[in-house]
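>>> A predicted structure for the sequence below; I have some questions about it.
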Amino acid sequence: MPFVPRGAGTGLSGGAICDGGVIIQLSRMNRLLAIYPDDCYAVVQPGVVNNYLNLQARPLGLGFAPDPSSQAACTIGGNLAENAGGPHTLKYGVTSNHVLGQTVVFPDGEVATYGGPYPVRSGPDFSTFLIGTEGTIAISTEIIVRLVPLPPDVTTMLAVYKSVADATDSVSAILAAGVLPNALELIDNLCIQAVESHLKAGFPMEAAAVLLIELDGTKQMMQTKAETVGRVCKSNAAVSFSIAKSEEERQRLWLGRKHAVGSLGKITPAFYTNDGVVPRSRLTDIMQTSYRIAKEHDLSVAHVCHAGDGNIHPLICYNPDESGGSQRATACSTEILMACIEMGGSITGEHGIGIEKRDLLPQMFSEVDLEHMQRLRNGLNPEGLLNPGKIFPNGSRCGELRGNVSIPRGTWI
Amino acid sequence: MAATHHLFTPDNYHRLQACIHCGLCLASCPTYTVNGKEADSPRGRLALMKYIDREVEFDAKGAFRHIDLCLGCLACQTACPSGVQYGHLLETSRSYQRQQIKPLSWIQHQLLNWLTSHRSLGFITGLLALVQRLALDHLVRALRLLPHTLRFQLAGMPDITGKAFSQTHDAVFPALTSADEAQGTVALFTGCVMDHWFGEVHAATVRVLQWNGFNVFVPEGQTCCGALHAHAGLEEEAEDCLARNRTAFQGIEAQALVVNAAGCGAQLRTTPGTDQDTLPIVDISEWLTDKLPRPPKNKLSKRVTYDAPCHLYHAQGIRDEPWRLLELACEQLLPLPETEVCCGSAGFYSLMHSDMSQHILKRKINHVQALAPDILATGNPGCHLQLQAGLRETSLNIPVHHTIEVLDMAYRLDGTYRHAFGLDD
């Protein structure tokens, strides 16, 4: 009987969906086993909630860097499975940069431990290899995560634009000016409307896009950098540029960003979250393309982007009750992802492949690429009982686009 | 897929669809925090409601066990970025459950009626007063004579006089300030359990209002707010309570109807048909925040902490106001970790699901124990009973008081206040 590991079920590509078989619910393996502040690491069970780990580490001056927007609910095990990112990946990297080792159970019941509580190692890095395999090879039962020292201070800035292209041009310009922010986020008008309708985060309703830029470091270091950022934004036609004056204002801006996706429920009966990546220099192109494709499908699209990483999240608004509504949204999303591939990017930045994008994988990888990846998986999960049907296209489906991503009954219970 | 719509109207189904399954509610849900089951999380419960509505052969009875286990604390509504009206969907589902799946048992129904009608509550209160006078409650607890669930409820009881506030007091209380300091007239909602068991809270409420220039009166003919009925899925009875209250408050001349029980306030103000324009319904803490021309002259030299009732914090969005009042009343105010998390009382929940309720309470009591305050303040009778029982069972000698009682205590340090109300020791 197939079995599927599942954390908090906040994934966005269907990696934990179980279409027949048994769900191994790991959210109850939620013990934080130990924190070693001197060596900057923690040992956790997979069901520990990301935010909980951060809350426990904070008094020690430490934090777990990957911070997906679902961090209030998502589990470390799930972060590992999807190689999750978040706004702060620009400077700190994704989950694979923050896992030092793990104990895993293979489908045949064998238990192995890879890596360990040391930050450098040579030789094959099997722990990192397993990250992002979406629970199709082994299930982690104990994870050693790196904790990073919290920055002495942070500065959060908001740049407001009349055109999206000005905002995206600023993104490359900021990095070209030699500033590496710890977060560089773009939120477009439709998203701003949704957020401001209930949160009052402080994003101007008339803006075409805003950039949320955050620096960390000492006050002195940040001051010159903030000045540079301000200068660059203004020379790229920012209509306003401001620095959050209080912790409260800063928190409010971030609350707006973190709730941006969820807030869309206020303005549309349903939306489809896309997760494309392009090289940063193509950000302006992909944004224009995304709006154009949505328009061609007669759909509206809102965007939140980890702009510094070139990772866009077009949120395609549609009505599932309308006949053909969800098919249109899926087709629109697929076209945007194809455009990402054409621009030299990827079909996923942080949400994973799951069942959602498995049929698009052949668009990104050659047959040889895919075959070798599958050989690895099949060697370690020979009967295919662990999380079947994920990541790789099924033989018959290869190249065939799935029209309607439906969630089978019983997914949540 | 069969579109049966037998649970929800199209409007409500639309409300259900606002849930995008993002999971941000999970961490805020007390039952999910305890058992980690998706079906016992808000997202899981909404999914179950959807299946009950849409799937003909779905095990609705089984699904309702998870919906039953919901406290109705509405923390998920605060956490939800999509604005899902969970409370409304929950009550609609429970109403459907009572009509179509499983009516409330006879004893549960009776218990609910006994505790919300003045006549039977008067009898129970008289009995409880006698029990307390003879110290039988101590005996019962010491000898473990009743099931734990009942002993626990006894442990939380305040000192009961045996008579309801509305029976022992006038209906009109004049402002105790000079004419130029007069602030007008407000009406007081007395409720059921509040009236019989927490008369002292009403007395303190009235005193503080009078002292600050308000005439207070208790409108006749008012009754239970119907919250307990609504939470249990007894829609008609809840509506009946509301109708009687509407009649009682029709045309009364007051600036506001002041409520000092969070659950009653939430029920009265969020129920459609309550006319907020002609008579705003306000919580006492909300009302007084900017209307205290005569704040207490002295502060209590005590360490006080505050546990937010869910129906104040989540249902009514009243978060800082009680804190503002307590700041005026005490020297040391200690923030309680997880103050916004339910204490596990949730009306009858502590009786019906005592295991889960106790789990949730334990966490709360641990937080209080770590702070070791002299007083724990709150603002709702259910929470009051639950927290006091939890503290006594843990042998912690920490009294629970309503926020307004703490404010009144600070006023009582002043001789003129005591004298004005005949409270001299």
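Looks like it arrived, so ask away.
>>> And the longest helix along chain B, what's buried?
For chain B, the longest helix by residue count, based on DSSP state H, is helix B:354-371. Neighbour counts using 16 or more other C-beta atoms under 10 Å in any protein chain shown place B:S354, B:M356, B:S357, B:Q358, B:H359, B:I360, B:L361, B:R363, B:K364, B:I365, B:H367, B:V368 of helix B:354-371 among the buried residues. The C-beta positions use only the backbone N, C-alpha and C, and glycine is treated the same way.
>>> Can you tell me which of those residues comes closest to B:P296?
Checking the buried residues of helix B:354-371 against B:P296 with C-beta to C-beta, the nearest one is B:V368 at 24.3 Å.
>>> Let me see the contact set for that closest one.
Residues in contact with B:V368 (C-beta atoms under 8 Å, 6 or more residues apart in numbering or on different chains) are B:T305, B:D307, B:L336, B:L376, B:L387, B:L391, B:L396, B:I398.
>>> Just give me the closest of the residues you listed to A:V111.
B:L336 (42.0 Å).
>>> On the strand side of things, show who the closest residue to that closest one other than its chain neighbours bridges to.
In this structure, B:L336 finds its nearest non-sequential neighbour in B:T305, 4.5 Å apart by C-beta to C-beta, 6 or more residues apart in numbering or on different chains. Assessed by DSSP bridges, B:T305 has beta-bridge partners B:L334, B:L376.
>>> I'd assumed B:L371 was in contact with B:T305.
Yes - judged on C-beta atoms under 8 Å, B:T305 makes contact with B:L371 at a distance of 5.4 Å.
>>> Between the two, which contacts overlap?
Joint contacts of B:T305 and B:L371 (C-beta under 8 Å, 6+ apart) are B:L334, B:L336.
>>> Would you agree A:V104 is in contact with A:V111?
Yes - contact between A:V104 and A:V111 holds when scored by C-beta under 8 Å: they sit 7.3 Å apart.
>>> which one of these two has more residues nearby?
For A:V104 versus A:V111, the count of surrounding residues by other C-beta atoms under 10 Å in any protein chain shown is larger for A:V104: 22 against 11.
>>> can you pull the contacts of the more buried one?
Here A:V104 is in contact with A:V111, A:A112, A:T113, A:Y114, A:L130, A:A138, A:I139, A:S140, A:T141 (C-beta under 8 Å, 6+ apart).
>>> Secondary structure, pLDDT and distance to A:D67 added to those residues, as TSV?
Conversion of these to TSV gives the following (DSSP: H, G, I helix; E, B strand; the rest coil; pLDDT from 0 to 100; distance: C-beta to C-beta, whole Å):
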residue	secondary structure	pLDDT	distance to A:D67
A:V111	strand	98	30
A:A112	strand	97	29
A:T113	strand	96	27
A:Y114	strand	96	25
A:L130	helix	96	21
A:A138	coil	97	25
A:I139	strand	98	24
A:S140	strand	98	19
A:T141	strand	98	24
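>>> Restricted to buried residues, select those in PyMOL.
Buried residues among these (16+ other C-beta under 10 Å), as a PyMOL selection:
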select buried, chain A and resi 114+130+138+139+140+141
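>>> The helix or strand in which A:W254 is found - what's its average pLDDT?
Using DSSP states H and E, A:W254 falls within helix A:247-258. The average pLDDT for helix A:247-258 rounds to 92.
>>> Dump it to PDB, keeping only the CA atoms.
Extracted in PDB, the C-alpha atoms of helix A:247-258 (Å, rounded to 0.1, in the frame of the first residue of the first chain):
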ATOM      1  CA  GLU A 247       9.300  48.400  14.800                       C
ATOM      2  CA  GLU A 248       5.600  48.600  14.600                       C
ATOM      3  CA  GLU A 249       5.600  50.100  11.100                       C
ATOM      4  CA  ARG A 250       8.100  47.500  10.000                       C
ATOM      5  CA  GLN A 251       6.000  44.700  11.400                       C
ATOM      6  CA  ARG A 252       3.000  46.100   9.600                       C
ATOM      7  CA  LEU A 253       4.700  46.200   6.300                       C
ATOM      8  CA  TRP A 254       5.800  42.600   6.700                       C
ATOM      9  CA  LEU A 255       2.400  41.500   7.800                       C
ATOM     10  CA  GLY A 256       1.100  43.000   4.600                       C
ATOM     11  CA  ARG A 257       3.700  41.000   2.600                       C
ATOM     12  CA  LYS A 258       3.200  37.800   4.500                       C
END
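>>> in it, what's buried?
Neighbour-count burial for helix A:247-258 [16+ other C-beta under 10 Å]: A:E249, A:R250, A:R252, A:L253, A:W254, A:L255, A:G256, A:R257, A:K258.
>>> Stretch B:21-33 too?
Quick answer for stretch B:21-33 (16+ other C-beta under 10 Å): B:21-33.
>>> Please apply the same query to stretch A:208-220.
Across stretch A:208-220, burial judged by 16+ other C-beta under 10 Å covers A:A208, A:A209, A:V210, A:L211, A:L212, A:I213, A:E214, A:L215, A:D216.
>>> Export it to PDB, keeping only CA atoms.
The C-alpha trace of stretch A:208-220 is given here as PDB (Å, rounded to 0.1, in the frame of the first residue of the first chain):
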ATOM      1  CA  ALA A 208       1.400  50.100  -9.700                       C
ATOM      2  CA  ALA A 209       3.900  48.200  -7.600                       C
ATOM      3  CA  VAL A 210       5.900  48.600  -4.400                       C
ATOM      4  CA  LEU A 211       9.300  47.200  -3.400                       C
ATOM      5  CA  LEU A 212       9.800  46.100   0.100                       C
ATOM      6  CA  ILE A 213      13.500  46.200   0.800                       C
ATOM      7  CA  GLU A 214      15.200  45.100   3.900                       C
ATOM      8  CA  LEU A 215      18.800  45.500   5.000                       C
ATOM      9  CA  ASP A 216      20.400  44.000   8.100                       C
ATOM     10  CA  GLY A 217      23.600  44.800   9.900                       C
ATOM     11  CA  THR A 218      24.800  47.500  12.200                       C
ATOM     12  CA  LYS A 219      23.200  50.900  12.100                       C
ATOM     13  CA  GLN A 220      26.300  52.500  10.600                       C
END
